[in-house]
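Visitor: Based on what follows, work out the 3D shape:
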Amino acid sequence: MAPKGPGYATPLDAMRSGPREELLYVICVQPNPGEGKSDVLATVDVNPNSPTYCEIVHMLRTGNQNDELHHSGWNVCSSCFHLPEGCVVPVRDKLVMPALGSDRVYIVDTGKNPRAPIMHRVIDASEMHEFNCATPHTTHCLPTGEIMISTLGDVNGNARGNFILIDGKTYKTKGTWIKGKEAKFNYDYWYQPYFDVMISTEWGVPRVFKKGFQLADAVDPEVYGRSLNIYSWKNRELLQTINLGEDGIAPLEVRFLHDPKKPIGFVGCGVNATVFRFFPKDGKWAVEKAFSIPPKKVTGWIEDKMRGLVTDILISLDDKYLYLSNWIHGDIRQYDISNPENPKLVSQVFLGGLIQTDSKIKVLEDPELTKQPDPVYVKGKRIYGAPQMLQLSLDGKRLYVTSSLLSPWDKQFYPECVKTGSFLLKLDVDVENGGLTLDNNFYVDFANTPDGPLLAHEMRYPGGDCTSDIWLAD
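Guide: Next comes the predicted model:
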């Protein structure tokens, strides 16, 4: 019998037999660097039977300045589950943390003591700079045992769409993935070898978006992307670029359905709060608008309308629900995508945002709400900021949410968070009928850490999750 690798045989196996999460690894950016302060990987206890439930039980500091940790991934995942005879079984025990600001890549050992990870290796920025790649973002493990990280720019901060490959044993940078033509921009990616496809998305020019958000930049096609890039997985070649138009400015997180034999997925586009569905058609790939969040007519804002800003999406392991965060308006939404061609909004919860009743921004016309949402308090504390990064439990019953996007953007839109730190909250999910309910007894304090306030971003479980793991067809 062939050995079994890390993760789970199928998405439904993970959903039905995976353990309840007990720890969360949370990427945290230091908004007030200096005096020995740096970005942090925080370990949070989410076991309700633990005496340290809802507490940060460990902080691993990078020890460097200007890292801007952002996303993370694993050395191996469920794409390595099916192994050939005689193969050495790999172990999921290294968390890979690229730094969007410094171009370093941190390799963290989570295996020796999951509650207190230690630094295993730091890949210096010079290794990716050797290939004129910079601004690393999304990490996925590959079935080959390699690690691939999307890079958004060149060493001068200009846009450049490529991917670096890292050896999964030595953690040495091997080179770039693409053969031939590159995309203009880059951001997130997802692959499905069964259909010989990888799809990547686009943010913008790194030296521009790293400074903050300007609407003039976002509507400039030379500064912000608006396309999906379709690659041959087998040949590593860019085959097709799909321009999503004005509704598709800044396509960010891309998610295939987890079933590896279903060639359907969704992408959340930031600036105009639109989600597109993609699928194969007539030998190529095509897109259709799945839904969009309408703007609100307002006063006291940078425009007379306030667009939404979709910053994260994820899909439950049974491919039933899609969740998104709308960072400017301040809400999380749950859509039933049982029929991917007809998504249905089934739940919506506001957690902060810029249109609360005590905001200086006044909503004059709203096609969705009858009144501005009230401020939210959890365990007696006012929630500042807005929902941003999402993570769903394997069984789909708990949705965790943090509030940091990118520290210059946090400081621009939610400056109070530099003092209060980010939030980490939990919503309980009705997996049968749809529905989100805020857990008023779950609140993780990122304001009063030993290093002061921290900006919490992406979350990972030690055993993998619905945004780290990719499954391959038999």
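Visitor: ok, and the helix or strand in this structure with the lowest average confidence?
Guide: In the chain, no helix or strand scores lower on mean pLDDT, DSSP states H and E than helix 417-420, which sits at a mean of 90.
Visitor: Could you check how far that one is from the centre of its chain?
Guide: Distance, stretch centre to chain centre, for helix 417-420: 22 Å (C-alpha atoms, centre = their mean, to the nearest Å).
Visitor: Just the buried residues of that helix, please?
Guide: Residues 417, 420 are the ones in helix 417-420 that count as buried (16 or more other C-beta atoms under 10 Å). Where you see a C-beta, it was placed from the backbone N, CA and C, and this is true even at glycine.
Visitor: Where does pLDDT dip in this structure?
Guide: The model of the chain has pLDDT under 70 over residues 1-3, 83-89.
Visitor: can you pull out the helices in it?
Guide: For the chain, helices defined by DSSP state H occupy the ranges 11-17, 125-129, 206-209, 215-218, 407-413, 417-420.
Visitor: you'd agree residue 258 is up against residue 314?
Guide: No - with contact defined as C-beta atoms under 8 Å, residue 258 does not reach residue 314; the gap is 10.3 Å.
Visitor: Now list whatever residues contact both of these two.
Guide: residue 466 (C-beta atoms under 8 Å, 6 or more residues apart in numbering).
Visitor: Pretty sure residue 311 sits against residue 325.
Guide: Yes - Residue 311 is within contact range of residue 325, at 5.4 Å (criterion: C-beta under 8 Å).
Visitor: The two - which one has more neighbours?
Guide: Each of residue 311 and residue 325 has its neighbours counted (other C-beta atoms under 10 Å); residue 325 has more, 28 against 24.
Visitor: Give me the distance between that one and residue 283.
Guide: For residue 325, the distance to residue 283 equals 35 Å [C-beta to C-beta, to the nearest Å].
Visitor: now do residue 72
Guide: Look at residue 72 and residue 283: by C-beta to C-beta, they are 36 Å apart.
Visitor: Compare neighbour counts for the two and give me the winner.
Guide: Just comparing residue 72 and residue 283: by other C-beta under 10 Å the higher neighbour count belongs to residue 72, 22 against 5.
Visitor: nearest residue to that one other than its sequence neighbours?
Guide: residue 97 (4.7 Å; C-beta to C-beta, 6 or more residues apart in numbering).
Visitor: Spit out the contact partners of that neighbour.
Guide: Contacts of residue 97 by C-beta under 8 Å, 6+ apart are 27, 41, 69, 72, 105, 106, 107, 108.
Visitor: Return the member of these nearest to residue 11.
Guide: Ranked by distance to residue 11 (C-beta to C-beta), these are led by residue 72 at 20.4 Å.
Visitor: OK, contacts around the closest one?
Guide: 25, 27, 95, 96, 97, 98, 139, 458, 460.
Visitor: do the same with residue 118
Guide: By C-beta under 8 Å, 6+ apart, the neighbours of residue 118 are 60, 108, 109, 112.
Visitor: do the same with residue 59
Guide: Residue 59 is in contact with 40, 41, 42, 43, 449, 450, 451, counting by C-beta under 8 Å, 6+ apart.
Visitor: Number of residues surrounding the residue nearest to the first one when sequence neighbours are not counted?
Guide: Closest residue to residue 40 in three dimensions, ignoring its sequence neighbours and counting by C-beta to C-beta, 6+ apart: residue 28, at 4.4 Å. Neighbours of residue 28 under the rule other C-beta under 10 Å: 29.
Visitor: now swap in residue 360 and tell me
Guide: Counted with other C-beta under 10 Å, residues neighbouring residue 360 total 8.
Visitor: can you offset everything so residue one is 38?
Guide: Sure, I'll start counting at 38 from here, so that last one is residue 397.
Visitor: correct me, but it touches residue 335?
Guide: No - applying C-beta under 8 Å, one finds residue 397 not in contact with residue 335, separated by 10.2 Å.
Visitor: what bridges to the residue nearest to residue 109?
Guide: Beta-bridge partners for residue 134, by DSSP bridges, are residue 143.
Visitor: these two touch, right, residue 273 and residue 215?
Guide: Yes - proximity of residue 273 to residue 215 meets the contact threshold set by C-beta under 8 Å, at 5.8 Å.
Visitor: wait, what's in contact with residue 193?
Guide: Per C-beta under 8 Å, 6+ apart, neighbours of residue 193: residue 244.
Visitor: gap between it and residue 258?
Guide: Going from residue 193 to residue 258 by C-beta to C-beta gives 20 Å.
Visitor: before we move on, what about residue 419?
Guide: Distance, residue 419 to residue 258, by C-beta to C-beta: 39 Å.
Visitor: Residue 205 too?
Guide: Here residue 205 is placed at a distance of 37 Å from residue 258 (C-beta to C-beta).
Visitor: Those two: which is more packed in?
Guide: Ranked by neighbour count (other C-beta under 10 Å), residue 205 and residue 258 place residue 205 first, with 19 against 15.
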